[in-house]
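**Student:** A predicted structure for the sequence below; I have some questions about it.
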Amino acid sequence: MTEFLLNDRTVRSNAPLGTTLLDVIRYNEHLPGTKIGCREGDCGACTVLVGEQRDGHVEYRSMTSCLLAMANVHGKHIVTVEGLTDELAHGAGVERLNPVQQAMVDQGATQCGICTPGFVVSLTGCSLSSEAVTKELAIRAVDGNICRCTGYKSIERAAEVAAGLMASKDVKEPVQWAVAHGFVPGYFAGIVERLKRISAPPSEVDPTSPLLGGGTDLYVQKHDAMLHAAIHPLNKEHALMGIRIENGQCIIGGATVAGELLTSQELREYFPNLEKHLLLVSSTPIRNMGTVAGNFVNASPIGDFTAMFIALDSTITLSNEAAPGQGHARKLKLKDLYLGYKQIDKKPEEILTSVQFNVPGKHTRFNFEKVSKRTYLDIASVNSAIRLELEGDTVREAHISAGGVAATPKYLGNTASFLVGKPISPETVRAATKVMNDEIAPISDARGTADYKRLLLRQLFFAHFLELFPERFKLMELVA
Ligand SMILES: Cc1cc2nc3c(=O)[nH]c(=O)nc-3n(C[C@H](O)[C@H](O)[C@H](O)COP(=O)(O)OP(=O)(O)OC[C@H]3O[C@@H](n4cnc5c(N)ncnc54)[C@H](O)[C@@H]3O)c2cc1C
Ligand code: FES
Ligand code: FES
């Protein structure tokens, strides 16, 4: 049984653990405000806020309920658009709007209305977060919400108004602040205590069942099969969570979600462009669900985290827990996980518990580049990452990855070896692209022809050097 709070109600649900929260909300709990659009995480019509207990308070994140399995809902506070208001307007029988809803109305930001609950939920989530809200941040919060009527300008204005109203937010006590300022109803104040009273789910999981991270890949690829599948959810396993630095290594739990990478102070210290890189990956609600391990194990040749972590020369740990106390763990380089198209060196029962890499030093340079049909909320046509260790002007060590140019995520070992010992110069970069061309084998598909992908990778390779050494390179010198 799954026990959770749905707005101000406690729900005990016997729906199969593979059922999506969206279906439970609409068909079992009869709350139709959460809309169905694509069922693939793309449109945001089904967005809800998911509150989780952390260090004695509740943290809320937006997620797409069409990809959220009931197995990942136990012990959480789920907030739908109906849960954002609780008072009937003074006798009129109409619900009082919260300030975000009012801004949407005032700015004419809704037409057919199918997308509106998703936008309202995502924007209201800003009032509950521990980040200061700016116009840019409010607009980023709706990067997973699509509207086909308004043309977005009116929604942008509503986001700006809402951000202005949230400018005085107390980032230390956001929930109390949001209650006091009418963004969420009074019952939010008691949620933390109510969540504490929900006991851990019965450990009825068969450890040999298929592993579930955030479900953002599984529910797109195998939606129907998942609904009644026996599954082994991993996001409750605290050993798989978190980011830590130990003995010069950065160790990231396999169930860490992209959103946590984005807000990690540790990572920001070592990767000044972290935000720029991670904002190219999916959208806010998907980043709040999708795990790094899920990205590696789904073995997509264009996985963005896969490209980043291969270039970091990362090592993964795979653990076999099938027999408690008798399991074993093994380590291998992430680049060696990939054997062929969607074939990986991993047994079904092995859990990817962590990924680790040497923390960058002052002579390290790292960059990630991606080209997709849309800049945001799209998977790559081609992506690439690079890590260089420098000694003066010379490359001491190099690791380069590329996605979309072979059947597997590609470690460009020959190109990396070619760079070692060479000076950073346009001649080196031009010569390296010739080596690179010989070690890729792109195919023509919906994302472009093989020739186009070769060209894209060459451009991304140039982009790495233009980005990392802006004072030394000009694009024309590289192309010449
Ligand atoms: C709208 C949308 C946009 C997206 N955009 C991008 C994008 O821009 N870039 C990108 O790279 N991807 C993108 N994705 C794909 C997806 O979100 C990511 O690959 C994500 O990281 C998958 O993680 P997950 O936890 O959701 O995986 P899941 O769906 O839970 O699992 C995927 C696979 O990994 C296995 N698995 C999960 N965790 C573990 C573990 N700890 N140990 C062993 N096996 C495990 C599962 O059994 C399954 O085989 C997008 C997806 C959607 C729906
Ligand atoms: S229905 Fe489109 S994101 Fe869920
Ligand atoms: S108002 Fe119709 S889709 Fe946004």
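**Tutor:** Okay, I see it. Ligands and ions are numbered 1, 2, ... in the order given.
**Student:** chain center to stretch 341-360, what's the gap?
**Tutor:** Relative to its chain's centre, stretch 341-360 lies at 18 Å (C-alpha atoms, centre = their mean, to the nearest Å).
**Student:** just checking that stretch against ligand 1, any contact.
**Tutor:** Yes: looking at stretch 341-360 against ligand 1 by C-beta under 6 Å from any ligand atom, the contacts come from I351, L352. Heads up, the C-betas are built off the backbone N, CA and C, glycines and all.
**Student:** now do that stretch, average pLDDT.
**Tutor:** For stretch 341-360, the mean pLDDT works out to 95.
**Student:** kindly report the same for stretch 152-159.
**Tutor:** Averaging pLDDT along stretch 152-159 yields 98.
**Student:** list the buried residues for that stretch?
**Tutor:** S154, I155, E156, R157, A158, A159 (16 or more other C-beta atoms under 10 Å).
**Student:** kindly report the same for stretch 96-110.
**Tutor:** Counting neighbours by 16+ other C-beta under 10 Å, one finds that the buried residues in stretch 96-110 are L97, N98, P99, V100, Q101, Q102, A103, M104, Q107, A109, T110.
**Student:** before we move on, what about stretch 439-456?
**Tutor:** Counting neighbours by 16+ other C-beta under 10 Å, one finds that the buried residues in stretch 439-456 are E439, I440, P442, R447, G448, K453, R454, L456.
**Student:** quick one: residues contacting whichever residue of the stretch 251-400 of the chain sits closest to ligand 2.
**Tutor:** Nearest to ligand 2 in the stretch 251-400 of the chain, going by C-beta to the nearest ligand atom, is P285, at a distance of 7.6 Å. By C-beta atoms under 8 Å, 6 or more residues apart in numbering, the contact list for P285 reads G41, G44, T47, R61, S62, M63, T64, S122, G144.
**Student:** closest one of these to ligand 1?
**Tutor:** Nearest to ligand 1 among these is G41, at 3.1 Å by C-beta to the nearest ligand atom.
**Student:** shouldn't that closest one be in contact with I286?
**Tutor:** Yes: counting by C-beta atoms under 8 Å, G41 touches I286, with 5.4 Å between them.
**Student:** do you know how far M1 is from R458?
**Tutor:** Counting by C-beta to C-beta, to the nearest Å, the separation of M1 from R458 is 55 Å.
**Student:** more crowded one of the two?
**Tutor:** Taking neighbours as other C-beta atoms under 10 Å, M1 and R458 compare with R458 leading, 19 against 12.
**Student:** what ranges do the helices span in the stretch 301-450 of the chain?
**Tutor:** Using DSSP state H, counting those that start in this stretch, the helices of the stretch 301-450 of the chain run over 304-311, 413-419, 426-438, 450-468.
**Student:** quick one, phi psi at V121?
**Tutor:** Phi and psi for V121, reported as degrees, to the nearest 10, are phi -60, psi -50.
**Student:** so it is in contact with A45, correct?
**Tutor:** No: in this structure V121 lies outside contact range of A45 using C-beta under 8 Å: 10.1 Å.
**Student:** about what we covered before: what subset of the contacts of P285 is also close to ligand 1?
**Tutor:** Within the contacts of P285, those near ligand 1 by C-beta under 6 Å from any ligand atom are G41.
**Student:** buried among the contacts of P285? Need that as a selection in PyMOL.
**Tutor:** Buried subset of these, written as a PyMOL selection, criterion 16+ other C-beta under 10 Å:
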select buried, resi 41+44+47+61+62+63+64+122+144
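**Student:** of the contacts of P285, which belong to strands?
**Tutor:** Using DSSP state E, T47, R61, S62, M63, T64 are the members of the contacts of P285 that sit in strands.
**Student:** quick one: contacts for W177?
**Tutor:** By C-beta under 8 Å, 6+ apart, the contact set of W177 is S127, S168, K169, D170.
**Student:** tell me which element it falls in.
**Tutor:** Following DSSP states H and E, one finds W177 within helix 174-180.
**Student:** centre of the chain to the next helix or strand after that helix, how far?
**Tutor:** Of the helices and strands lying after helix 174-180 in sequence (DSSP H and E), the nearest is helix 191-196. In terms of C-alpha atoms, centre = their mean, the centre of helix 191-196 is found 26 Å from the chain centre.
**Student:** contacts for whatever helix or strand comes next after helix 191-196?
**Tutor:** Next along the chain after helix 191-196, taking DSSP H and E as the criterion, comes strand 211-212. Strand 211-212 has contacts (C-beta under 8 Å, 6+ apart) with A69, A71, N72, L218, I231, H232, P233, L234, N235, V297, I351.
**Student:** so among these, where is pLDDT lowest?
**Tutor:** Across those, the bottom pLDDT score, 70, is held by N235.
**Student:** what's the spacing between N7 and V100?
**Tutor:** The gap separating N7 from V100 is 16 Å, by C-beta to C-beta.
**Student:** so where's the stretch 1-150 of the chain uncertain?
**Tutor:** The model of the stretch 1-150 of the chain has pLDDT under 70 over residues 87-95.
**Student:** tell me which stretches of it form helices.
**Tutor:** Under the criterion DSSP H, counting those that start in this stretch, the stretch 1-150 of the chain carries helices at the ranges 21-23, 99-106, 116-128, 135-141.
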